[in-house]
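>>> Predicted coordinates and the sequence they were generated for:
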Amino acid sequence: MSSRWTALASFFLVVCTLGIVGVFSSAGSGSAGTPAPQALSVPGVGRSWGGDTFGQLGNDETEGTRSAPVPVAGLTSIAQISASQYHTLALLSNGDVWSWGYDGQGQLGNDNVIASENQRTPAPATLPGGAPLTGVKAVSAGEFHSLALMDGGSMMAWGNDISGQLGDGGSNTDQPQPVPVSDITDAVAISAGDGHSLALLTNGEVRAWGDDLFGQLGNSSAFDDDEDTPVAVVLADNTTPLTGVKAIAGGSEHSLALLNNGRVHAWGADTGGELGNSVPFNDNQANPGAGGEGQRRSPQRRRRDRRRHEKLPRPHGRRHRQVVGKRHNGRRRQRR
């Protein structure tokens with residue numbers, strides 16, 4: 001690992017729900033460090049430390065680095081947080097959502113015009129007209145978009161929509177305030193990847209939408225067929241829905257599902273072996289499979305798709321990591 005990366009600060013954010021939270025320190029190289037318990041005396045208060053290039057510490061300071069935890073400004077009743085590389089969402093105990101950090105694509109959801117595109121203190125996510133977004137039971141932060149699961153099982157989304165990751169069936173236009181996700185009425189869990197989104201339904205099926213460059217939607221369509229409305233994740237026969245799912249996770253460009261029987265299914269990008277299926281790296285899969293199951297692209301198709309892939313401009317600044325009660329490796333994705 002180059003000294004350029006080992007010298008960079010990490011960014012951490014934790015929420016205390018019981019008064020004391022144990023977290024892991026980490027080296028700049030990305031390896032796990034020594035367990036470092038942090039005592040947080042006030043339940044529901046977020047604390048953060050590390051790089052603050054985009055205001056991701058949320059403590060109303062100018063750009064800098066903090067080597068010791070500082071309180072997130074103004075929030076005392078946080079029930080859940082979700083942090084991307086550039087912005088953070090906080091769900092309060094009353095069902096409201098607050099956000100801070102980089103806002104270049106409207107991912108903070110507050111419709112503010114910020115000259116620097118950075119929000120250095122938490123601000124509430126609001127609906128068109130200015131009313132606060134409330135009645136939320138879970139949040140998930142993607143790279144440049146945000147998701148909220150509502151009390152009744154519907155979903156809201158905001159921020160970048162270049163690949164349809166908001167799921168509103170619109171014109172792939174960025175949304176600076178929450179909009180409803182189409183066709184989702186009974187979700188029980190959500191997860192945002194870099195440019196795609198996942199929802200777990202009450203019947204144990206999974207819906208996906210957004211970027212499908214590497215097959216991360218799991219719907220066995222042609223690779224790179226982005227979806228701007230939710231589609232069913234299906235098995236290798238291209239018809240049977242993946243069922244019996246109890247938990248989901250969206251990675252940078254891949255997706256995971258934990259089944260009721262304890263088995264894990266993975267699909268999407270395999271550039272670093274992230275699918276865990278004992279097949280060669282770069283063997284991307286367009287639907288869930290285990291032990292090498294699933295459809296794959298030819299090497300020629302993979303090369304063509306990489307040439308076609310269009311990356312959004314990334315804000316420049318310190319790399320950082322986030323933890324929410326446990327260590328999370330927030331490395332930038334690598335294109336190959």
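Cool, the structure landed. Numbers count the residues shown, from 1 in each chain.

>>> Compute the first-to-last residue distance for stretch 58-66.
One end of stretch 58-66 sits 12 Å from the other (C-alpha to C-alpha, to the nearest Å).

>>> Give me the buried positions along it.
For stretch 58-66, the neighbour count (16 or more other C-beta atoms under 10 Å) marks 58-59, 65-66 as buried. The way it works is simple: take the backbone N, C-alpha and C, and place the C-beta from them, glycine included.

>>> any residues touching it, and which ones?
For stretch 58-66, contacts defined as C-beta atoms under 8 Å, 6 or more residues apart in numbering pick out 9, 13, 46, 48-53, 57, 70-73, 75, 88, 100-101, 120-122, 317-318.

>>> let's see it at 7 Å
9, 48-53, 57, 70-73, 88, 100, 120-122 (C-beta atoms under 7 Å, 6 or more residues apart in numbering).

>>> What of stretch 234-249?
189, 191, 198, 200, 204-206, 218-220, 232-233, 256-261, 265, 287-289, 293-295.

>>> what about burial for the residues you listed, which qualify?
In the contacts of stretch 234-249, the ones that pass as buried (16+ other C-beta under 10 Å) are 189, 191, 198, 200, 204-206, 218-220, 232-233, 256-259, 265, 287-289, 293-295.

>>> Which members of these occur in strands, if any?
Secondary structure from DSSP state E places 189, 191, 198, 200, 206, 232, 256-259, 265, 287-289 of these in strands.

>>> Can you flag the buried ones in the contacts of stretch 58-66?
9, 48-53, 57, 70-72, 88, 100, 120-122.

>>> Which single one of these is nearest to residue 159?
Nearest to residue 159 among the buried ones among the contacts of stretch 58-66 is residue 88, at 12.9 Å by C-beta to C-beta.

>>> what about the closest one, distance to residue 126?
17 Å (C-beta to C-beta, to the nearest Å).

>>> what residue ranges in the stretch 1-150 of the chain score low on pLDDT?
Applying pLDDT under 70 to the stretch 1-150 of the chain flags residues 1-42, 63, 113-116.

>>> Please enumerate the strands of it.
12-15, 20-26, 32-39, 46-51, 65-71, 78-83, 87-92, 97-102, 118-124, 136-141, 145-150 (DSSP state E, counting those that start in this stretch).

>>> in its sheet, what does the fourth one sit against?
Put plainly, it is strand 46-51. Sheet pairing of strand 46-51 (DSSP bridges) gives strand 12-15 (antiparallel), strand 65-71 (antiparallel).

>>> still on that earlier bit, okay if I get the ones in strands among the buried ones among the contacts of stretch 234-249 as a markdown table plus pLDDT and distance to residue 276?
As requested, those are exported to a markdown table (pLDDT from 0 to 100; distance: C-beta to C-beta, whole Å):
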| residue | pLDDT | distance to residue 276 |
| --- | --- | --- |
| 189 | 98 | 21 |
| 191 | 98 | 17 |
| 198 | 98 | 18 |
| 200 | 98 | 20 |
| 206 | 98 | 18 |
| 232 | 97 | 23 |
| 256 | 96 | 9 |
| 257 | 97 | 12 |
| 258 | 96 | 13 |
| 259 | 96 | 14 |
| 265 | 94 | 10 |
| 287 | 87 | 16 |
| 288 | 91 | 12 |
| 289 | 69 | 11 |
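
>>> Just name the closest of these to residue 166, please.
residue 198 (13.3 Å).

>>> Touching, that closest one and residue 191? I think so.
Yes: between residue 198 and residue 191 there is a contact under C-beta atoms under 7 Å: 4.6 Å.

>>> okay, and the common contacts of these two?
248, 250.

>>> quick revisit: out of the buried residues of stretch 58-66, which two sit at the greatest distance?
Farthest apart among the buried residues of stretch 58-66 by C-beta to C-beta are 58 and 65. That separation is 14.5 Å.

>>> Just name the closest of the buried ones among the contacts of stretch 58-66 to residue 94, please.
residue 122 (14.1 Å).
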